[in-house]
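Student: structure for this input, please:
(one chain, ligands or ions: 1)
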Amino acid sequence: MANGNAMTPQRPPSNEHDASLLADAPPRQSLATLLNLAIMLVCAGAITALWLITLQRIAFEREQAVAAAVQSNSNLAIAFEQQIFRTLKAAEQVAVFVRERYLQQGSAIDLQQLVEQQIIRETIFSIVSVVDENGRIVSSSNSQVNGSVNYADRAFFQAQRAPRADELFVSRPVFGRISRHWQIPMSLRISRPDGSFGGVIVMSVAPADLTDFYLQADLGQQGLLELTGLDGVVLSRKTGSRNDFGLDARELAWFQRHGTTVTDGFVDNGEAIDKVARIVSYRGMEGYPLMVAVGTSYADELAPALQRESSYLLMASSATVALLVFSGLLVLMLARQRAAVDALRASEALFRATFHQAAMGIAHIAPNGRILGANEKFCLMLGYSREELHARTVFELGDEKGRDEARRLLARRLSAASPALSPEIEKPYRRKDGSVLWVCEALSVVRGAHGRPDFLVAITQDITSRKALEARLSHAALHDALTGLPNRLMFMDRFSQVLESARRHAGLAGVLYIDLDGFKAVNDKHGHATGDQLLLQVARRLEGCVRAEDTVSRFGGDEFGIVLATLSQARDCEAVALKVIHALATPFELGGTAIRISASVGAAVFPIHGEDASTLLEQADTAMYAAKNAGRNQFRWNSASGSESPPA
Ligand SMILES: Nc1nc2c(ncn2[C@@H]2O[C@H](COP(=O)(O)OP(=O)(O)OP(=O)(O)O)[C@@H](O)[C@H]2O)c(=O)[nH]1
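Tutor: Numbering: from 1, shown residues only. The predicted model follows:
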């Protein structure tokens with residue numbers, strides 16, 4: 001989380017809030033399922049649309065290619081038809097011319113001469129012959145054909161012999177008896193002036209010559225060019241390099257279709273010929289019982305479209321894979337995101353529960369010390385509301401004198417070298433009501449992505465009662481329970497410190513040893529409680545005899561000690577001792593009774609009577625006994641030390 005504010009909970013958790021967290025899971029699950037379903041549906045829709053468009057485009061391009069081929073072949077069929085038409089017209093002209101000559105010249109007609117003289121120029125007719133009414137050759141352009149050949153049995157002869165219209169008759173291919181080649185006879189009837197049959201003019205055309213248009217038309221390796229008689233016989237067909245003729249045309253699709261539609265184009269599966277699928281255009285020839293057909297290979301015609309089709313299919317497949325991968329990744333990404341959100345929610349819920357229900361006080365603190373957030377416990381500990389804490393810095397929660405130290409501590413924790421988890425420290429806060437709150441605090445730093453501190457987490461434990469107990473124990477260990485005066489232990493410690501200072505400044509320090517006189521009798525006469533009260537009042541009077549820097553101590557029983565921190569001269573010590581004797585000589589009012597006691601006081605001065613605290617106290621003790629022995633209620637130096645009275 002980038003900043004402390006975002007992570008800082010702004011309100012305590014409530015039962016409703018927790019319940020909403022729990023109740024939130026099933027709807028989110030079904031929402032996720034719906035979202036996944038929607039993504040998959042959109043993806044499936046996009047893929048379906050993509051393939052529909054692609055397949056439509058492919059179908060459209062195929063249709064376009066077929067339509068273009070049909071149109072192109074239809075144009076070629078027209079050209080082919082015209083060429084056949086010209087051939088037939090030429091045949092008619094030659095036949096009419098030769099018939100005229102024959103009717104004029106009779107058997108004297110010489111067709112070879114007519115060819116040589118180029119009166120008959122059409123080279124397509126390999127043989128032109130005149131046949132008489134009995135089928136015998138009268139004249140022929142071919143020298144090998146002579147009267148020995150009889151055509152009376154030929155179909156064209158028999159067709160012409162029967163009464164019929166004066167028009168060219170194109171026969172089925174026949175095998176030439178002289179030429180030894182297959183020929184298509186084209187014949188015209190010779191009628192005598194009286195209308196009787198006078199013979200036939202016949203011209204032979206090689207079947208392949210009728211389809212040499214194939215070469216001009218550029219129909220490819222698998223093309224088709226065909227001239228077919230409506231009687232169901234193929235007169236000539238060229239497919240690639242193959243020439244055929246005389247075949248049965250009734251199985252051919254275009255022959256069958258011609259029965260209903262004279263001119264048309266379509267895709268033929270090639271079953272009837274060579275299994276090569278072709279786009280075929282056919283036409284019935286006007287004025288002749290013939291039809292022409294032009295075809296080109298379906299594969300050749302659709303090659304560019306099929307090539308584009310492959311790219312379309314490749315593109316559509318790639319786009320499909322991309323869409324599937326994309327939607328899969330999207331679903332995966334959303335699932336991961338949801339998992340991350342769920343984990344975050346769980347973490348936030350855990351954090352909220354931990355933060356607000358913790359038995360310890362937790363506060364989030366900005367690097368500048370401002371309090372960003374605090375849990376209930378922290379608020380309770382300090383007596384501030386959360387809003388009041390938000391308006392303060394953590395430094396303002398301590399005493400004035402401790403603020404600099406708190407700032408230094410925060411700066412140390414924010415420094416890069418500082419460990420993330422801090423050692424626990426004990427520190428005082430000031431509650432809103434002014435009382436002191438002692439806490440044991442751990443200050444952890446939460447750093448951002450670049451290692452910069454975002455905020456700090458202070459976890460505090462209230463140790464005020466422990467501190468108070470410690471203070472009490474500590475006081476009890478060093479003080480007299482009855483009078484509250486320092487006990488011997490503390491007395492000796494203070495005395496040592498005073499001696500240390502006197503040693504440094506080459507000064508004087510004194511110690512008085514005081515023992516009450518006749519205290520036992522007070523106890524015995526007035527009771528132990530009165531004795532206690534007396535001891536208390538003695539303590540207060542002794543404190544009244546000395547300066548603030550001096551230390552009054554009760555050693556136990558009716559024995560007291562006084563450390564005199566600074567002395568101008570040794571005699572000052574005696575003056576204080578006399579002041580003490582004088583102060584205790586005044587009767588004590590206890591329970592309405594005036595009680596009199598006195599005190600014996602011994603003294604020792606540093607450095608005259610000794611260098612260390614034990615020696616000096618011992619000296620004072622001995623002096624006190626001297627005072628006792630001398631009759632009590634008086635002051636004495638230690639005479640055994642050789643200096644009953646110190647120098648002035
Ligand atoms: N009331 C009371 N008496 C105490 C306490 N501590 C000691 N005493 C008593 O104080 C008395 C001290 O004994 P002494 O020093 O012999 O009493 P004294 O009568 O002053 O005798 P001299 O010192 O020889 O003058 C004893 O009776 C102790 O029981 C105390 O805390 N309270």
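Student: domain map for the protein?
Tutor: Annotated domains of the chain cover 358-463, 479-641 [automatic domain parsing].
Student: so which of those domains is nearest the ligand?
Tutor: Relative to the ligand, the nearest member of the domains of the chain by C-beta to the nearest ligand atom is domain 479-641, separated by 2.4 Å. C-beta here means a position set from N, CA and C on the backbone, and glycine is covered the same way.
Student: all the helices of the stretch 51-200 of the chain, residue numbers only.
Tutor: 111-116, 155-161 (DSSP state H, counting those that start in this stretch).
Student: now swap in the stretch 451-600 of the chain and tell me
Tutor: 464-478, 488-505, 519-526, 528-545, 571-585.
Student: for stretch 186-196, how far is the first residue from the last?
Tutor: Using C-alpha to C-alpha, to the nearest Å, the end-to-end distance of stretch 186-196 comes to 20 Å.
Student: tell me the contacts of the residue in the stretch 51-200 of the chain positioned nearest to the ligand?
Tutor: Scanning the stretch 51-200 of the chain for proximity to the ligand using C-beta to the nearest ligand atom identifies residue 51 as nearest, at 109.0 Å. The contact partners of residue 51, taken as C-beta atoms under 8 Å, 6 or more residues apart in numbering, are 316, 320.
Student: state the pLDDT value of it.
Tutor: The model reports residue 51 with a pLDDT of 94.
Student: how is the most centrally placed residue in the chain assigned, secondary-structure-wise?
Tutor: For the chain, residue 333 is the residue whose C-alpha lies nearest the centre (C-alpha atoms, centre = their mean; 5.1 Å). Counting by DSSP: H, G, I helix; E, B strand; the rest coil, the backbone at residue 333 sits in helix.
Student: around the ligand, pick out the residues from the stretch 451-600 of the chain.
Tutor: The stretch 451-600 of the chain has residues 482, 515-521, 523, 528, 531-532, 535, 557-558 near the ligand, with proximity defined as C-beta under 6 Å from any ligand atom.
Student: PyMOL command for the buried members of those residues?
Tutor: Paste this into PyMOL to select the buried members of these, with burial taken from 16 or more other C-beta atoms under 10 Å:
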select buried, resi 515+516+517+518+519+523+531+535+558
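Student: list the neighbouring strands of the longest strand along the chain plus their orientation.
Tutor: For the chain, the strand with the greatest residue count under DSSP state E is strand 436-447. Taking DSSP bridges as the criterion, strand 436-447 pairs within the sheet with strand 425-430 (antiparallel), strand 453-462 (antiparallel).
Student: how far does the longest one sit from its chain's centre?
Tutor: Relative to its parent chain, strand 453-462 has a centroid offset of 33 Å by C-alpha atoms, centre = their mean, to the nearest Å.
Student: ends of stretch 252-270, what's the gap?
Tutor: Span of stretch 252-270 from end to end, C-alpha to C-alpha: 9 Å.
Student: other residues contacting that stretch?
Tutor: Against stretch 252-270 from outside (C-beta under 8 Å, 6+ apart): 66, 69-71, 73-74, 77, 228, 230, 232, 234, 249-250, 272-273, 275-284, 291, 293, 295, 298.
Student: what residues sit buried inside it?
Tutor: 252-255, 257-258, 263-268, 270.
Student: got the residues of the chain near the ligand?
Tutor: Residues of the chain lying near the ligand (C-beta under 6 Å from any ligand atom): 482, 515-521, 523, 528, 531-532, 535, 557-558.
Student: which single one of these is nearest to residue 437?
Tutor: residue 482 (31.8 Å; C-beta to C-beta).
Student: so who does the closest one touch?
Tutor: If a contact means C-beta under 8 Å, 6+ apart, then residue 482 has 532, 535, 536, 554 as its contacts.
Student: so the third one versus residue 513, what's the distance?
Tutor: This points to residue 536. 20 Å (C-beta to C-beta, to the nearest Å).
Student: okay, those two: which has more neighbours?
Tutor: Comparing residue 536 with residue 513 by other C-beta atoms under 10 Å, the one with more neighbours is residue 513, at 28 against 17.
Student: one step back: out of the buried residues of stretch 252-270, who's nearest the ligand?
Tutor: residue 267 (132.8 Å).
Student: check the secondary structure at that closest one for me.
Tutor: What three-state DSSP gives for residue 267 is strand.
Student: who's it bridged to?
Tutor: Bridge pairing for residue 267 - DSSP bridges - gives residue 279.
Student: now do the helices in the stretch 251-400 of the chain.
Tutor: 253-258, 298-301, 303-357, 376-382, 386-390.
Student: what about the residue in the stretch 151-300 of the chain positioned nearest to the ligand, neighbour count?
Tutor: The stretch 151-300 of the chain approaches the ligand most closely through residue 299 (129.7 Å), counting by C-beta to the nearest ligand atom. Applying other C-beta under 10 Å, we find 13 residues neighbouring residue 299.
Student: contacts only, for it.
Tutor: The neighbourhood of residue 299, defined by C-beta under 8 Å, 6+ apart, consists of 222, 277, 306.
Student: from residue 177, how far out is residue 153?
Tutor: 10 Å.
Student: which one's more surrounded, these two?
Tutor: residue 177 (14 against 8).
Student: low pLDDT regions in this structure?
Tutor: Along the chain, the parts satisfying pLDDT under 70 run over 1-28, 147, 420-421, 640-648.
Student: can you rerun that using 50?
Tutor: Applying pLDDT under 50 to the chain flags residues 1-23, 648.
Student: surely residue 248 meets residue 237?
Tutor: No. Between residue 248 and residue 237 there is no contact under C-beta atoms under 8 Å: 11.7 Å.
Student: ok, these two, which is more surrounded?
Tutor: Between residue 248 and residue 237, counted using other C-beta under 10 Å, residue 237 has the larger neighbour count: 25 against 11.
Student: wait, is the more buried one part of a strand?
Tutor: Yes. Counting by three-state DSSP, residue 237 is located in a strand.
Student: surely it touches residue 224?
Tutor: Yes. Between residue 237 and residue 224 there is a contact under C-beta under 8 Å: 7.1 Å.
Student: show me what residue 560 bridges to in the sheet.
Tutor: Residues in beta-bridge contact with residue 560 (DSSP bridges): residue 514, residue 554.
Student: and it, what is it in contact with?
Tutor: So residue 560 contacts 485, 513, 514, 515, 538, 539, 542, 552, 553, 554 (C-beta under 8 Å, 6+ apart).
Student: strands along the stretch 1-150 of the chain, start to end?
Tutor: 125-131, 137-140 (DSSP state E, counting those that start in this stretch).
Student: count of neighbours near the residue lying closest to residue 68 once chain neighbours are set aside?
Tutor: Once flanking residues are discounted, residue 68 sits nearest to residue 301: 7.8 Å by C-beta to C-beta, 6 or more residues apart in numbering. Neighbour count for residue 301, taken as other C-beta under 10 Å: 25.
Student: residue 301 is in contact with residue 69, isn't it?
Tutor: Yes. Residue 301 is within contact range of residue 69, at 4.1 Å (criterion: C-beta under 8 Å).
Student: so what sits against both of those two?
Tutor: Listed contacts common to residue 301 and residue 69 are residue 279; contacts here mean C-beta under 8 Å, 6+ apart.
Student: good, wrapping up.
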